[in-house]
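>>> Starting from these lines, generate the structure:
(one chain, ligands or ions: 2)
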Amino acid sequence: MSEPRSWLFVPGDSEKKIAKALASEADAVIIDLEDSVADANKDAARALAAETLADAGETGPRIWVRINPLDSGRAEPDIAAIAAAAPHGVMLPKAESGADIALTARYIDEAGGAEAIRICAVATETARSLFGLDSYADASDRLAMLTWGAEDLSAALGATSKYDISGELSFTYRLARSLCLAGAVAAGVQPVDTLYADFGDEEGLMRDCEAGRREGFTGKLAIHPAQLPVINAAFTPSEEELAEARRIIAAFADHPEAGTIGLDGRMIDRPHLVQAQRTVARAKRG
Ligand code: COA
Ligand code: MG
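Numbers count the residues shown, from 1 in each chain. Ligands and ions are numbered 1, 2, ... in the order given. Prediction:
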């Protein structure tokens with residue numbers, strides 16, 4: 001499977017939801033040990049995550065674990081508890097720079113974690129994090145994805161709301177989103193859009209997916225199984241898009257010497273070819 005389209009969060013202390021998540025159509029499941037788990041349940045969640053990984057078969061969604069932040073005192077023991085059970089990867093919340101990824105990678109190494117274990121990061125949750133988004137390239141070969149979040153950032157900044165007076169996401173959060181996108185692409189890893197909290201609003205989710213996809217995000221976080229069909233559909237190229245991409249690739253293949261080509265009365269050049277190749281690659285899932 002190529003890059004996951006849907007990344008479903010599931011609270012790490014809920015055996016029932018974990019079972020449901022693993023049986024869902026999520027491309028990736030993120031067992032959460034952080035914000036969705038109360039302090040009193042942290043140890044139980046860690047143990048349940050390790051147990052779930054140990055019991056997991058070869059099929060089904062990839063399993064990631066969101067550990068607690070590096071400054072919580074829990075990150076290293078979280079990793080130590082799960083590394084041997086071979087998660088697909090570890091998600092680091094409140095990441096501020098590539099150095100945080102390097103440290104996470106070191107904890108995985110020290111826990112005897114396999115080379116295959118990936119890292120992804122929520123990279124816009126603190127004030128400092130916004131200044132670190134160009135530091136992820138070369139942080140670690142394990143880094144596979146960057147995503148962003150508005151809730152923790154707004155709390156960190158002292159905002160009373162992440163929305164402006166007209167109801168749109170305020171500039172600060174749109175900036176965070178764009179920096180995440182560019183930071184991920186600059187680092188050569190998957191850019192994944194943040195979650196849409198109103199899980200009953202399918203129309204709104206559809207619009208949000210479409211907006212993210214247009215900008216370059218190739219997947220989206222989810223918090224509820226009902227969001228998965230919408231996200232998976234939105235981040236799968238349509239038949240028309242695929243046909244168009246194949247035509248562009250064929251046109252360049254027919255004219256290997258050409259830098260630019262006319263197709264249906266419009267100019268097509270190299271960036272269109274790159275985009276078309278990406279579309280075809282994204283369609284090759286499964
Ligand atoms: N993963 C797996 N199953 C889930 C789920 C999830 N993220 N969210 C809901 N479900 C299950 C419920 O357990 C319920 O199962 P049931 O029909 O067998 O009882 C079913 O889907 C319908 O759930 P619903 O009643 O609509 O939602 P809820 O009120 O039980 O839960 C949330 C709402 C937000 C608490 C829940 O969706 C959730 O826990 N989401 C993930 C939160 C999280 O991990 N946050 C951290 C990242 S921000
Ligand atoms: Mg959070």
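>>> Going by C-alpha atoms from here, please, whenever you check contacts or count neighbours.
Will do.
>>> So what touches stretch 191-200?
Applying CA atoms under 8 Å, 6 or more residues apart in numbering, the external contacts of stretch 191-200 come out as 145-149, 177, 180-181, 184-185, 205, 208, 212, 216-224, 226-227.
>>> how much space between residue 234 and ligand 1?
19 Å (CA to the nearest ligand atom, to the nearest Å).
>>> Go ahead and confirm that residue touches residue 208.
No. Counting by CA atoms under 8 Å, residue 234 does not reach residue 208; the two are 9.7 Å apart.
>>> Kindly report the residues of this protein close to ligand 1.
9-11, 17-18, 20-21, 32, 35-36, 223-225 (CA under 6 Å from any ligand atom).
>>> can you rerun that using 5 Å?
Within the chain, the positions adjacent to ligand 1 are 9, 10, 11, 17, 20, 21, 36, 223, 224 by CA under 5 Å from any ligand atom.
>>> Filter those down to the ones in strands?
9, 10, 11 (DSSP state E).
>>> top of those by neighbour count?
residue 10 (28 neighbours; other CA atoms under 10 Å).
>>> Who does that one form a beta bridge with?
On the basis of DSSP bridges, residue 10 is bridged to residue 31.
>>> what pLDDT does it get?
If you check residue 10, the pLDDT there is 98.
>>> State whether it and residue 19 are indeed in contact, as I suppose.
No. With contacts counted by CA under 8 Å, residue 10 stays clear of residue 19, the gap being 9.6 Å.
>>> on that earlier part again, please, a ChimeraX command that selects the buried ones among the contacts of stretch 191-200?
Filtering those down to the buried ones (16 or more other CA atoms under 10 Å) takes a single ChimeraX command:
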select :145,146,147,148,149,177,180,181,184,185,205,208,212,216,217,218,219,220,221,222,223,224,227
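>>> Mind checking which of the contacts of stretch 191-200 land in strands?
Short answer: the contacts of stretch 191-200 in strands (DSSP E) are 145, 146, 147, 219, 220, 221, 222.
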